[in-house]
Every structure is written in structure tokens, then in C-alpha cells.
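Novice: Next come a sequence and a model predicted from it.
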Amino acid sequence: MEDIVKSDVLVVGTGIGGLVTAMFLAESGFKVNVITKGERPEESNTDNAQGGIIYKGEEDSKELLVKDILEAGAGASNPEAAEILAEYGPKLVEEVLIKKVRVNFNRREDGSFDLTEEGAHSVRRILHADDLTGRAIERSLLNYISGLENVEIYTSHVAIDILTLQHHCRNPVFVYKQPEALGVYAYSEKEKRVKRFVAKATVIATGGLGQIYLHTTNPDVATGDGFAMAYRAGLPLINMEYIQFHPTTLYHKDAKRFLISESVRGEGAVLKTPDGKEFMKKYHPLGSLAPRDVVSRAIHEEMTENGYKYVLLDLASYMDAEKIKERFPNIYKTCLKYGIDITKEPIPVVPAVHFACGGIKVNMWSETDMKRLFAVGEVACTGVHGANRLASTSLLEGLVFGWRAAERIKQRWNEFSQEFPEPIPWIDTGEFKPDPALINQDWITLKHIMWNYVGLVRTEKRLKRAIYDLRHLWWEVEEFYRKAKITRQLIELRNGILVGLVVARAAFRNRESRGCHFRKDTQQW
Ligand code: SIN
């Protein structure tokens, strides 16, 4: 059976960044293969995004948006990336999401868009589709792409490693050449075999890493695969210590950290202690709408100082019951399932890991340091988010930099070589069947180490301990990986541990507290 699958361009991942890149290239006549480990193409962080995507408000301007992004980023954002996002973002939302793929964003009775607000935004400028904005975008993009002839989506295909001349070709002379990507090795879960996906350009769009933490808003697929593959291929990962926590996820023993969108606070909800006292003004003049890092740490502080298990988010006192059901139908239904009627009572909430602000270093055209390799979306670091991401910029970043990746691939097409220099080698897989009990326990260990030692509040001692324990775990799993039969669970575990180590090391090296990296034992920025 043919195990080399060729295309002009290979995209790994089906969130907004990957799909937008694939769409623009396919429309220009390129043959694009897209692989995703999900059984369904929509399994992605994008599909889970609730709040919205930045468009443009009344009295809004590019300058004002840049200012908000840079302020939230705590002085560590790349101003050039913020300028590009603010310049092209609203135009692309209009041309691509509204006009081309026809996302059904909420409108008011007069037909204008119903713009919402979120923390640290100076004006109302965020489009939403009820409280399931990401889902509306993801499904509209997939629907549009299904009508394009030259895009093929391969589900249940787990990328293993980036195929490079230096790492995988047998000719030792290639080591002298500039590193170049040829595609990826991927494991087909259904066929139970490894395939070589080769292309003239490869785009990594694998999303985030939330699953390496005990509590996260991210779906099960977010195991940090793209970060790990890039690291193994020798690419720089930057800003990895800046792991953003979302301040408000549902606290309930049966709920898997269900996200309570920031737009709930944007529409007036207020954070309170379990005995009903407002506390956010103590920490920031913007109160419950302060930047996320500030809100998450304030909640953490209240919880640890006073021994609370959670704090409360009170929407019922500030919004009419019918309006709540209409504006937040998914949050209303989900909370009700757990016995909480948000039209009548406050919601118990705790912070959870939400977004990786750092990632594979890319330039302003989504190019990595490796020839023919691009990265877009959460896995990439353009620098827009600096040390703390402004709400509702992540979908926008995927859209803008996905489009820019496609533009660059078109411009550079003639520089990318046509032929593969030699037969691409097979990767050997071992014989041992991985023991699910060991894999599960390793995941539990990883998640606890990350949560307790590399979490919201970090110290040198905790980070040292994390690095020590993770190095041991990494060594054990790498050893085993070489002897074992490949499975999706094993690939993900191997990636998760490596990424955990990269985050812990970055947090250890950076002694300065800034944005969402908070070192209790060193100076406060
Ligand atoms: C939310 O709805 O609070 C998430 C939005 C975001 O992370 O940008």
C-alpha cells in the first residue's frame, strides 16, 4: 500500500490558522493536504472558543487596538505583529468570515453587528455568534473548504515528526545544507501504520498545549504536538513561560473545567467572594474586566489567603433572565446540566490553563527558521501576545497570519525544490505494546507537576523540582518510545512531557515576573 502521500502544500491541523492557509492556497490552484489527529475535522481549540473575534467598534481605530494589545501584553509584545494584526484583522474578518464563508455573527434588530466587550478592551469591538463563536467560524470554514476540489482532509492522522533533510535523509552531506522541511511522518490510527506526507511547503497549525496541565479549558487534542515536533527538529521556541490562565471556568466536580466566557464579565457580571463581596477593585481599577493575568492571580490570591475552593461570578444580579438565556444559551444550558441556574444564582469559578502565548518563532510572514516550514495559530509565536494575550485576539491571529502564510508560500513557490533528493527513509517502530496503565499514570504525573510547580505562581524551588522530575519522566518515555509500537496515546505523551520540560525550563530561566509568568520569589515587574 502506498505510504507516501504527496501534495503541493501540507497543513497539519484544522483550527482557524490551518484552514485559512489551506483555503487561500487551494483557491490559487495548489493541491493541499490537511491532516488532523481528530476523528472529526472540527476537533480543535478554535471549535471550543466561546467569546468572539475582534472586528471594529464605534469610535475604534487601529491605533487604539494596538494600544490595547500592547498594554495587555505587559511590554513584551512585538509591536510590528500587533500593527499587522490591527491593520489586516478587521478587513479579513469582513472579507473572509463575513462575506466569503458567511459566519452567522449575531446582529441587532437594526441589522448592525451585536458587538460585545471583554477584559482590557477600550471599546466594544468583538463579534460573537451567541456564546459559541469558534464553533460557528470553524464549521463555516470547513463547509466552505468542502466545496474546494483541491483540498483533502485526512482525519485520525497523528503527526509524529517533521521530516527534514538533515534528520531523515541518509546522505551525510545534507548536514551542510540549510535545514529544510519535506513534510511529516504521521500515524494513521485507522490503518495502524506510519505514512510519509511530503510536500514542497509544510504548515504547522497544531494548536495549543493545555492538556499538559491538570485543569484546562482546552479540548483533549491540545497536547502540544507541534511545539514538540518543532523542538525536536531544532527550531527555537520562544516565550514558552507565558502560559495564560483563563480566570473563569466552572467549578463543579463533574465538569471538565467548562469555560465561562470573558464576555460574561464584558456584559456586566462581577466576581465576588463565596460570601458575596466584590474583590477585584482591590487589585485593578478595571475591576472584573482587568487583564486576564491580573484577574487570574487575584482569584488565586483570594482562594489561597482565605481557603476558598472557588469564587463566584455573579451575572444574575446584573442581567435580566431572558436576556441571559438569549445571549449565553450554551453557558446557561451547560451550567443548568450541573444544577446551576445562572439566571438565578452566581456561578462558582476557578482559573484554568487556557492559551500558550509563546511558540515556534516565526517572522511576520509565518516563516519559521527552517526553509519550507511555516507555523500559524497558537503553536506559532508572532509576538502579538507578548506576556499576556488580549481576549479575542487568538482567532484573529490565526486568520491574519494564516492568510500571510499562504501569501508567502505563493511568493516563494519557485524557490522551493521540486524533487526529493533521495528515497525518504521509513521510521522503525518497535514491538512492545504500550501498557495503558503506565501511559495514564505518566499523564497524571505530568499534569500534576505542571499544575503544582509550573502554574499560576512559580518559585525557583518549584521549577527546579519540575525540571528534575520531568527530565526523569522524559528519559523513561523516550526509552520506551523507541521499543514500543506507535499509538496516538504514546505520541501525545512523548510530546506532552517534552513541552512541559520546555515550559518549565523557560519559566526557570526567566526570573522576572511579567504578564502571566509570575515568580513569587523574584522581583515583580
Ligand atoms: C472567552 O470567551 O473568554 C475566551 C476568549 C479568548 O480566549 O479570547
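Specialist: Happy to help now that I have it.
Novice: list the helices and strands the longest strand anywhere in the chain packs on?
Specialist: Scanning the chain for the strand with the most residues, using DSSP state E, yields strand 193-204. In terms of contacts (3 or more C-beta pairs under 8 Å, 6 or more residues apart in numbering; DSSP states H and E), strand 193-204 is packed against strand 4-12, helix 16-27, strand 32-35, strand 157-164, strand 181-188, helix 225-232, strand 373-375, helix 394-412. Yep, even glycine has a C-beta here, placed from its N, CA and C like the rest.
Novice: my read: Asp341 touches Ile331, true?
Specialist: No. Checked against C-beta atoms under 8 Å, the pair Asp341 and Ile331 is beyond contact range at 11.7 Å.
Novice: who's more crowded, those two?
Specialist: Using other C-beta atoms under 10 Å, the more surrounded residue of Asp341 and Ile331 is Ile331, with 25 against 13.
Novice: contacting residues around the more buried one?
Specialist: With contact set as C-beta atoms under 8 Å, 6 or more residues apart in numbering, Ile331 has these partners: 50, 131, 260-261, 264, 342.
Novice: Keep only those of those residues that are also close to the ligand.
Specialist: Among these, proximity to the ligand is found for 50, 261 (C-beta under 6 Å from any ligand atom).
Novice: which of the contacts of Ile331 lies closest to Ala233?
Specialist: Gln50 (33.4 Å; C-beta to C-beta).
Novice: Just give the number of residues close to the residue lying closest to the closest one once chain neighbours are set aside.
Specialist: Among residues not flanking Gln50 along the chain, Ser261 sits closest, at 4.0 Å (C-beta to C-beta, 6 or more residues apart in numbering). Using other C-beta under 10 Å, Ser261 is surrounded by 27 other residues.
Novice: and what of the one 3 residues further on?
Specialist: Burial of Val264, expressed as a neighbour count using other C-beta under 10 Å, amounts to 29.
Novice: what's the helix or strand for it?
Specialist: helix 262-266 (DSSP states H and E).
Novice: Return the list of helices and strands in contact with the helix or strand that comes right after that helix.
Specialist: Following helix 262-266 in sequence order, the next helix or strand is strand 270-272 (DSSP H and E). Using 3+ C-beta pairs under 8 Å, 6+ apart, the elements in contact with strand 270-272 are helix 292-306, strand 311-314.
Novice: mind running it again at 6 Å?
Specialist: For strand 270-272, the elements it packs on are strand 311-314, judged by 3 or more C-beta pairs under 6 Å, 6 or more residues apart in numbering; DSSP states H and E.
Novice: what residue ranges in the stretch 401-525 of the chain score low on pLDDT?
Specialist: Within the stretch 401-525 of the chain, the segments meeting pLDDT under 70 span 418-428, 523-525.
Novice: I meant to write the chain there.
Specialist: Looking along the chain with the criterion set at pLDDT under 70, you get 1-2, 418-428, 523-525.
Novice: Neighbours of whatever residue of it ends up closest to the ligand, how many?
Specialist: Nearest residue of the chain to the ligand (C-beta to the nearest ligand atom) works out as Gly51 at 2.5 Å. Per other C-beta under 10 Å, the neighbour tally for Gly51 reads 25.
Novice: what about it, helix or strand, and which?
Specialist: Using DSSP H and E, no helix or strand contains Gly51.
Novice: Which positions in the chain make contact with the ligand?
Specialist: Neighbours of the ligand within the chain, by C-beta under 6 Å from any ligand atom: 49-51, 261-263, 391-392, 394.
Novice: of all those, which two lie farthest apart?
Specialist: That would be Ser263 and Ser394, which, of the residues of the chain next to the ligand, are the farthest apart (C-beta to C-beta) at 14.1 Å.
Novice: and these two? which has more neighbours close in?
Specialist: Neighbour totals were compared for Ser263 and Ser394, and Ser394 leads with 30 against 24 (other C-beta under 10 Å).
Novice: Against Lys195, how distant is Ile409?
Specialist: For Ile409, the distance to Lys195 equals 22 Å [C-beta to C-beta, to the nearest Å].
Novice: These two: which is more packed in?
Specialist: Shown here are Ile409 and Lys195; by other C-beta under 10 Å, Ile409 has more neighbours (27 against 21).
Novice: Nearest residue to the more buried one in space, ignoring adjacent ones along the chain?
Specialist: Ala201 (4.8 Å).
Novice: quick revisit: pick the most buried one from the helices and strands packed on strand 193-204.
Specialist: Of all those, strand 373-375 has the most neighbours on average by mean count of other C-beta atoms under 10 Å, namely a mean of 29.
Novice: what's the next secondary structure element after that one?
Specialist: Following strand 373-375 in sequence, per DSSP H and E, is strand 380-381.
Novice: What lies in contact with that next one?
Specialist: By C-beta atoms under 6 Å, 6 or more residues apart in numbering, the residues outside strand 380-381 that reach it are 238-239, 358-362.
Novice: Kindly report the same for stretch 490-508.
Specialist: Against stretch 490-508 from outside (C-beta under 6 Å, 6+ apart): 158, 160, 209, 212, 223-225, 227-228, 231, 237, 240-241, 434, 439, 442, 446, 450, 454, 458, 463, 466-467, 470, 473-474, 477, 481.
Novice: starting at the chain centroid, how far to that stretch?
Specialist: Using C-alpha atoms, centre = their mean, to the nearest Å, the mean C-alpha position of stretch 490-508 is found 15 Å from that of the whole chain.
Novice: circling back to that earlier point, mind listing what the residue of the chain closest to the ligand touches?
Specialist: Counted by C-beta under 6 Å, 6+ apart, Gly51 has contacts 118, 261-263, 392.
Novice: can you name the two of those residues that are farthest apart?
Specialist: Ser261 and Ser392 (9.9 Å).
Novice: so how many other residues sit close to Glu305?
Specialist: 8.
Novice: do the same with Leu438
Specialist: 14.
Novice: separation between the residue located most distally from the centre of the chain and Thr393?
Specialist: For the chain, the residue at maximal distance from the C-alpha centroid (C-alpha atoms, centre = their mean) is Val173, at 37.2 Å. According to C-beta to C-beta, Val173 and Thr393 sit 44 Å apart.
Novice: Then Leu315?
Specialist: 24 Å.
Novice: repeat for Arg514
Specialist: From Arg514 to Thr393 the distance is 18 Å (C-beta to C-beta).
Novice: Equivalent analysis for Leu259, please.
Specialist: Taking C-beta to C-beta, one finds Leu259 at 16 Å from Thr393.
Novice: out of these two, which sits in the busier spot?
Specialist: Thr393 (27 against 24).
Novice: neighbours around Lys31, how many?
Specialist: 15.
Novice: if I pick it, what's in contact with it?
Specialist: Lys31 touches 7-8, 150, counting by C-beta under 6 Å, 6+ apart.
Novice: Show me which of those residues is closest to Asp60.
Specialist: After measuring the contacts of Lys31 against Asp60 - C-beta to C-beta - the closest member comes out as Asn150, at 37.5 Å.
Novice: Quick check on the closest one: phi, psi?
Specialist: Dihedral pair for Asn150: phi -100, psi 30, per degrees, to the nearest 10.
Novice: quick one: it and Ala26 touch, right?
Specialist: Yes. If you go by C-beta atoms under 6 Å, Asn150 and Ala26 touch, sitting 4.9 Å apart.
Novice: returning to that earlier point: the residue nearest to Ile409 pairs with what?
Specialist: Val9 (DSSP bridges).
Novice: For it, which residues are in contact?
Specialist: 9, 372, 409.
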